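In: dropping a prediction and its sequence here:
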Amino acid sequence: MSPTIVNIAAYHFVPLDNLSERREVLRALTRELDLKGTILLTPEGINLFIAGSRHGVDALLEHLRSDAALTDLTVKESFSEEQPFERMLVKVKQEIITFGIDGIAPREYTSRKLPAQELRKWLAENRDVVLYDVRNDYEVKVGTFAGAVPAGIDHFRDFPAAVEKLPEEVKERPVVMFCTGGIRCEKAGPFMERAGFRDVYQLEGGILKYFEECGGDFYNGDCFVFDKRVALSPQLEESATTQCYACLQPVLPEEQLSPLYNPPHSCPHCYRTPEQRMQELCARRDQEIAAACNPLPGATPYDNIRPISIPLRLDRRPLGEALQELFSHIPLEDWEQVAKAGQLVHKGQPVTLDRVVRSGERYGRLFQAITEPEVNADIHVLHEDDALLVINKPAPLPIHPCGRFNRNSLEWILQQVYQPKKPRPAHRLDANTTGIVVLTQSRQWAARLQPQFQRGEVEKTYLARVQGHPTWDTTSCDAPIGRESQECGGRIVDPEGLTSLTEFKVLQRYVDGTTLIEARPRTGRTNQIRIHLWHLGLPICGDPLYLPGGQLGTEQTVNIQAPPLNLHAWKIAFAHPRDGQQVAFTAPPPDWAVNVPTNSPEEAGLG
């Protein structure tokens with residue numbers, strides 16, 4: 001099948017005016033002639049890449065050359081079996097080719113042009129000449145002249161910096177620069193002369209004109225072009241080089257044989273191992289989370305309604321009585337003040353305490369123009385897939401919205417980043433505790449994962465730095481933990497409490513009187529590790545609630561400036577809810593677990 005599509009490339013540096021009017025005329029004409037490609041109109045001239053029928057191309061050229069400013073427009077021509085362009089664009093810009101250097105005006109002055117036949121003669125005579133390829137690296141890899149020096153750039157605007165790196169001795173030698181069609185050399189040449197290069201030439205018409213007149217003599221490979229053909233051979237025919245859909249890099253025929261070439265997903269240039277892709281995804285998510293937390297979401301005043309649900313046992317009771325039953329620690333007088341201020345609502349409307357409630361109803365306590373305490377939002381994603389999200393949680397940071405914290409909570413922050421998804425925590429972690437938190441991406445995945453936590457099938461390992469040196473190296477604690485919270489919000493050991501078991505192992509005893517301990521909870525009670533170590537006379541450093549001497553503190557979530565609770569959810573392992581395969585994750589130990597004085601230079605083995 002003989003090629004039927006005519007491809008032309010042309011540029012001309014000449015002052016042009018009335019650019020908007022020219023654009024409208026050319027848009028209408030190219031539409032009428034069924035042409036596709038790009039025409040750039042600028043105050044310094046015209047640049048175009050057009051493809052279509054012979055009649056259409058010739059009619060366009062006739063129109064352009066009828067303008068006195070474009071009479072001398074010269075084109076390079078090639079042929080293809082298919083239309084290489086998707087659409088037709090006629091654009092107005094400031095420069096034909098973006099360079100960013102003032103005082104370079106090719107219509108007023110440009111470097112000497114060396115005809116293609118003359119360059120071939122020079123190369124055949126083995127003349128002392130520096131062939132300088134001013135194209136981008138991804139173009140050079142497709143093909144270039146034998147012995148050519150590449151500029152080593154990713155964009156033409158980087159060309160001035162590349163010239164500065166050339167050896168001084170090159171300034172005294174003949175330099176022949178070249179590009180695809182010659183347009184970049186129109187600006188690159190004068191710049192090199194300004195930089196002190198004494199004998200500068202540009203290949204007239206670029207590589208494509210050389211192919212037209214000289215074929216592939218002294219040239220290795222093909223020439224990259226900016227259309228669907230990707231590259232042309234020295235015979236000006238579409239070559240076997242293709243382009244990666246994912247990264248847009250040209251893919252040579254030999255690269256297409258690589259096992260890393262998987263169109264349209266990847267090629268040898270952009271292929272990433274699963275580990276690399278995960279690292280890049282996590283880094284991107286970290287940036288999104290950081291942006292969502294600057295400023296902290298709870299730092300801006302807002303109105304918040306905390307829900308109050310009416311259980312069956314309080315059906316048909318006055319609202320005031322129901323509130324006293326539900327919140328026995330809050331005096332009725334306080335609720336009276338809340339209701340009087342219109343801050344007790346049902347379906348958005350204020351209600352009074354004598355209202356008779358029905359089971360299943362939801363009321364709300366309105367807090368107006370509130371701001372939340374500051375938290376540590378240095379959240380890092382360790383793993384993400386369609387089912388799971390694994391986070392390294394900082395502290396202090398509550399997981400769930402509660403109490404004084406609503407928007408300044410892990411769950412709320414992640415929902416802003418992952419919306420419309422709502423990642424669901426699969427387990428608990430105290431606001432003051434750092435480390436691994438596993439979340440599921442949907443209710444369906446939660447239904448498959450959470451039973452593993454409930455059945456005790458999840459292997460969890462914590463690090464804790466405690467006050468004191470235990471007399472044992474390994475031990476366990478099975479002290480039952482109370483079912484009810486104390487006035488301060490903490491729990492205590494209670495013979496009638498819930499069965500609990502934690503295994504402990506000493507990792508390092510420090511000269512400052514503290515010890516680094518590995519803790520493995522075999523049950524999942526509230527504050528279990530903290531309570532068991534406290535019960536053993538080894539309270540965790542920085543714990544505001546479980547204090548030395550068996551005392552209970554009065555704080556739950558510590559202030560961000562307070563010393564950190566030295567408890568870290570270090571490792572976790574479970575069966576992936578998708579396929580049942582065992583997976584394991586590790587959160588890097590915090591500073592308090594690695595940067596402390598030791599009795600010896602031995603490491604604690606926390607890598």
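Out: That came through fine.
In: now the strands for the stretch 501-607 of the chain?
Out: Secondary structure of the stretch 501-607 of the chain, counting by DSSP state E, counting those that start in this stretch: strands at 502-509, 514-521, 567-575, 582-586.
In: just checking, what packs against the first one?
Out: For strand 502-509, the helices and strands in contact under the criterion 3 or more Cβ pairs under 8 Å, 6 or more residues apart in numbering; DSSP states H and E are strand 474-477, strand 514-521, helix 528-535. Placement of C-beta: from N, CA and C, glycine included.
In: Ser78: which of those is closest?
Out: strand 514-521 (70.0 Å; Cβ to Cβ).
In: what strands line up against the closest one, and which way round?
Out: Sheet pairing of strand 514-521 (DSSP bridges) gives strand 459-467 (antiparallel), strand 502-509 (antiparallel).
In: any idea how far the residue of the chain most remote from its centre lies from Leu344?
Out: The outermost residue of the chain, judged against the average C-alpha position, is Asp354 (53.9 Å), by Cα atoms, centre = their mean. Asp354 sits 12 Å away from Leu344, going by Cβ to Cβ, to the nearest Å.
In: contacts for the helix or strand of the chain with the lowest mean pLDDT, please.
Out: Scoring the helices and strands of the chain by mean pLDDT, DSSP states H and E places strand 75-80 at the bottom, with a mean of 90. Strand 75-80 has contacts (Cβ atoms under 8 Å, 6 or more residues apart in numbering) with 3-10, 51, 61, 181, 205-206, 208-209, 212, 229, 232, 236-238.
In: okay, and which of those map to strands?
Out: Ile5, Val6, Asn7, Ile8, Ala9, Ala10, Ala51, Leu232 (DSSP state E).
In: surely Leu429 meets Lys393?
Out: Yes: between Leu429 and Lys393 there is a contact under Cβ atoms under 8 Å: 6.2 Å.
In: give the residues shared as contacts by those two.
Out: Both Leu429 and Lys393 are contacted by Ile399, Gly435, Ile436, Val437, Ala569, under the criterion Cβ under 8 Å, 6+ apart.
In: the residue farthest from the centre of the chain touches Arg317, doesn't it?
Out: No: counting by Cβ under 8 Å, Asp354 does not reach Arg317; the two are 10.8 Å apart.
In: so among the contacts of strand 75-80, which ones count as buried?
Out: Those of the contacts of strand 75-80 that meet the buried threshold are 5-10, 51, 61, 181, 205-206, 208-209, 212, 229, 232, 236-238, by 16 or more other Cβ atoms under 10 Å.
In: for this protein, what's the longest helix?
Out: helix 274-292 (DSSP state H).
In: could I have that one exported to CSV, CA atoms only?
Out: Extracted in CSV, the C-alpha atoms of helix 274-292 (Å, rounded to 0.1, in the frame of the first residue of the first chain):
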residue,chain,number,x,y,z
PRO,A,274,6.0,-3.4,43.0
GLU,A,275,8.2,-2.2,45.9
GLN,A,276,9.2,1.0,43.9
ARG,A,277,5.6,1.7,42.9
MET,A,278,4.5,1.3,46.5
GLN,A,279,7.2,3.7,47.7
GLU,A,280,6.2,6.3,45.1
LEU,A,281,2.5,5.9,46.0
CYS,A,282,3.2,6.3,49.7
ALA,A,283,5.3,9.3,49.1
ARG,A,284,2.6,10.9,47.1
ARG,A,285,0.0,10.1,49.7
ASP,A,286,2.2,11.6,52.4
GLN,A,287,2.3,14.9,50.4
GLU,A,288,-1.5,14.9,50.1
ILE,A,289,-1.9,14.3,53.8
ALA,A,290,0.5,17.0,54.7
ALA,A,291,-1.4,19.5,52.4
ALA,A,292,-4.7,18.5,54.0
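In: need the contact partners of the helix or strand following it.
Out: Tracing the chain C-terminally past helix 274-292 and defining elements by DSSP states H and E, one meets strand 302-309 next. Strand 302-309 is contacted from outside by 323, 326, 345, 360-370, 406-407, using Cβ under 8 Å, 6+ apart.
In: just the buried residues from those residues, in ChimeraX please.
Out: A single ChimeraX command selects the buried members of these (16+ other Cβ under 10 Å):
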select :323,345,361,363,364,365,366,406,407
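In: my read is Val176 is in a strand, agree?
Out: Yes: looking at Val176 with DSSP: H, G, I helix; E, B strand; the rest coil, it is inside a strand.
In: bridging residues for it?
Out: Counting by DSSP bridges, Val176 is bridged to Leu131, Tyr201.
In: just give me the neighbour total for it.
Out: The local packing of Val176 (other Cβ atoms under 10 Å) involves 25 other residues.
In: and it, what does it touch?
Out: Val176 neighbours (Cβ under 8 Å, 6+ apart): Leu114, Leu119, Trp122, Val129, Val130, Leu131, Tyr132, Tyr201, Gln202, Leu203.
In: end-to-end on stretch 469-477?
Out: For stretch 469-477, the first-to-last residue distance is 16 Å (Cα to Cα, to the nearest Å).
In: my bad, stretch 255-270
Out: For stretch 255-270, the end-to-end distance is 12 Å (Cα to Cα).
In: give the buried residues for that stretch.
Out: So stretch 255-270, judged by 16+ other Cβ under 10 Å, has buried residues Glu255, Tyr261, Ser266, Cys267, Pro268, His269.
In: just to revisit the earlier point, please work out which of the strands paired with strand 514-521 is packed deepest.
Out: Ranked by mean neighbour count, these are led by strand 459-467 with a mean of 22 (mean count of other Cβ atoms under 10 Å).
In: can you tell me what sits against that one?
Out: With Cβ under 8 Å, 6+ apart, strand 459-467 has contacts from 435, 507, 513-521, 529, 533, 538-541, 548, 566-574, 584, 589, 592-593, 596, 606.
In: 6 Å instead?
Out: The contact list for strand 459-467 (Cβ atoms under 6 Å, 6 or more residues apart in numbering) reads 514-517, 519-521, 529, 533, 538-541, 566-573, 589, 592-593.
In: out of these, which are buried?
Out: 514-517, 519-521, 529, 533, 538-541, 566-572, 589, 592-593.
In: and the protein, what are its domain boundaries?
Out: Following automatic domain parsing, one gets these domains for the chain: 5-92, 112-239, 301-370, 380-594.
In: Ala105: which of these is closest?
Out: Of all these, domain 5-92 comes closest under Cβ to Cβ, at 7.0 Å.
In: can you give me the helices in this structure?
Out: Counting by DSSP H, the helices of the chain are 19-32, 54-65, 116-124, 137-140, 159-164, 183-194, 206-214, 274-292, 319-326, 332-340, 410-418, 443-454, 528-535, 591-594.
In: need these in JSON lines (columns: mean pLDDT and distance to Glu374).
Out: Conversion of the helices of the chain to JSON lines gives the following (pLDDT from 0 to 100; distance: least, Cβ to Cβ, whole Å):
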{"stretch": "helix 19-32", "mean pLDDT": "97", "distance to Glu374": "54"}
{"stretch": "helix 54-65", "mean pLDDT": "97", "distance to Glu374": "65"}
{"stretch": "helix 116-124", "mean pLDDT": "98", "distance to Glu374": "68"}
{"stretch": "helix 137-140", "mean pLDDT": "97", "distance to Glu374": "47"}
{"stretch": "helix 159-164", "mean pLDDT": "96", "distance to Glu374": "44"}
{"stretch": "helix 183-194", "mean pLDDT": "96", "distance to Glu374": "53"}
{"stretch": "helix 206-214", "mean pLDDT": "96", "distance to Glu374": "60"}
{"stretch": "helix 274-292", "mean pLDDT": "96", "distance to Glu374": "16"}
{"stretch": "helix 319-326", "mean pLDDT": "95", "distance to Glu374": "30"}
{"stretch": "helix 332-340", "mean pLDDT": "95", "distance to Glu374": "26"}
{"stretch": "helix 410-418", "mean pLDDT": "97", "distance to Glu374": "14"}
{"stretch": "helix 443-454", "mean pLDDT": "95", "distance to Glu374": "30"}
{"stretch": "helix 528-535", "mean pLDDT": "97", "distance to Glu374": "23"}
{"stretch": "helix 591-594", "mean pLDDT": "93", "distance to Glu374": "20"}
